[in-house]
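>>> sequence unavailable; structure follows:
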Ligand code: GSF
């Protein structure tokens, strides 16, 4: 198997953490998704990372499909519960955390356009999604030890990747730490795990 990713991508980080937790060996190729001839286009017609090439040359995308595949490849450390309501609750957490990142990415891309091409109404719309998403994450977590159920799941992984990316990129100057102490507490706990430490987003030296 080969993972196509970028060291800064929160979605690729989700997959890298799942690989580490499940102790699955996988080669990684770092790609520049913005390059016109990026090899990821051969693996994902949408031109996004992560994409996963399987040994029979099948390509999988996006991160949600890849993590479900990986969780079933090995019985070690199951991250997605079997029971329908539990599984759906975990997947909804993932949709929420990924959706907050999607809004943040749109804000970031907008900020990279020429000043006179930027739309403040568009940024405000995405900031609303980001703010409501974070408020929902904090309310759902409450004072529980885990996002869902009695242990660590994909819900925690997706949440941690989202919060880590917001810290790293700060889209729209978002300030989640001062507003949501329970998310701060949960993120600190997740950061104790080697899988999170080994995948912290860093700009190349
Ligand atoms: C999102 C992947 C994505 O936005 C998933 O895999 O879960 N729903 C998809 N990837 C970004 C990199 S990142 O910011 O994580 C990407 O590849 N963008 C390139 C582009 O052309 O949009």
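Sure, I can see it. Being a predicted model, the structure only gives us computed values, none of them experimental.

>>> Provide the contact partners of stretch 25-34 at residue level.
If you take CB atoms under 8 Å, 6 or more residues apart in numbering as the criterion, stretch 25-34 is touched by 1-7, 16, 19, 38-40, 47-49, 52. Using the backbone N, CA and C atoms, a C-beta is placed for each residue, glycine as well.

>>> off-centre distance for it?
Put simply, stretch 25-34 sits 16 Å off its chain's centre (CA atoms, centre = their mean, to the nearest Å).

>>> can you check stretch 157-168 too?
Stretch 157-168 has its C-alpha centroid displaced from the chain centroid by 7 Å (CA atoms, centre = their mean).

>>> next SSE after the top helix by length along the chain?
Ranked by number of residues, the top helix in the chain under DSSP state H is helix 84-112. Once helix 84-112 ends, the next helix or strand along the chain (criterion: DSSP states H and E) is helix 120-141.

>>> taking helix 120-141 as reference, get the angle to the longest helix of the chain.
Orientation of helix 84-112 against helix 120-141 (axes from the mean of the first three to the mean of the last three CA atoms, to 10 degrees) gives an angle of 150 degrees.

>>> so does helix 84-112 get close to the ligand?
Yes - counting by CB under 6 Å from any ligand atom, the ligand is contacted by helix 84-112 at 98, 105.

>>> repeat for stretch 165-178
No - for a cut-off given as CB under 6 Å from any ligand atom, stretch 165-178 has no contacts with the ligand; the smallest distance is 7.9 Å.

>>> and that stretch, how far out from the chain middle?
15 Å.

>>> got it, and stretch 142-161?
Here stretch 142-161 is found 13 Å from its chain centre; the criterion is CA atoms, centre = their mean.

>>> contact partners of it?
10-11, 13-14, 17-18, 21, 67, 71, 79-81, 86, 89-91, 93-94, 96-98, 101, 137, 140-141, 182-183, 186-187, 189-191, 196.

>>> start to end distance for it?
19 Å (CA to CA, to the nearest Å).

>>> could I get the buried residue list for it?
146-148, 152-161 (16 or more other CB atoms under 10 Å).

>>> turn these into a markdown table, including pLDDT, secondary structure and distance to residue 62.
Shown next, in a markdown table, are the buried residues of stretch 142-161 (pLDDT from 0 to 100; DSSP: H, G, I helix; E, B strand; the rest coil; distance: CB to CB, whole Å):
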| residue | pLDDT | secondary structure | distance to residue 62 |
| --- | --- | --- | --- |
| 146 | 98 | coil | 24 |
| 147 | 98 | coil | 20 |
| 148 | 98 | coil | 21 |
| 152 | 98 | coil | 22 |
| 153 | 98 | coil | 19 |
| 154 | 98 | helix | 14 |
| 155 | 98 | helix | 17 |
| 156 | 98 | helix | 20 |
| 157 | 98 | helix | 15 |
| 158 | 98 | helix | 13 |
| 159 | 98 | helix | 18 |
| 160 | 98 | helix | 18 |
| 161 | 98 | helix | 14 |
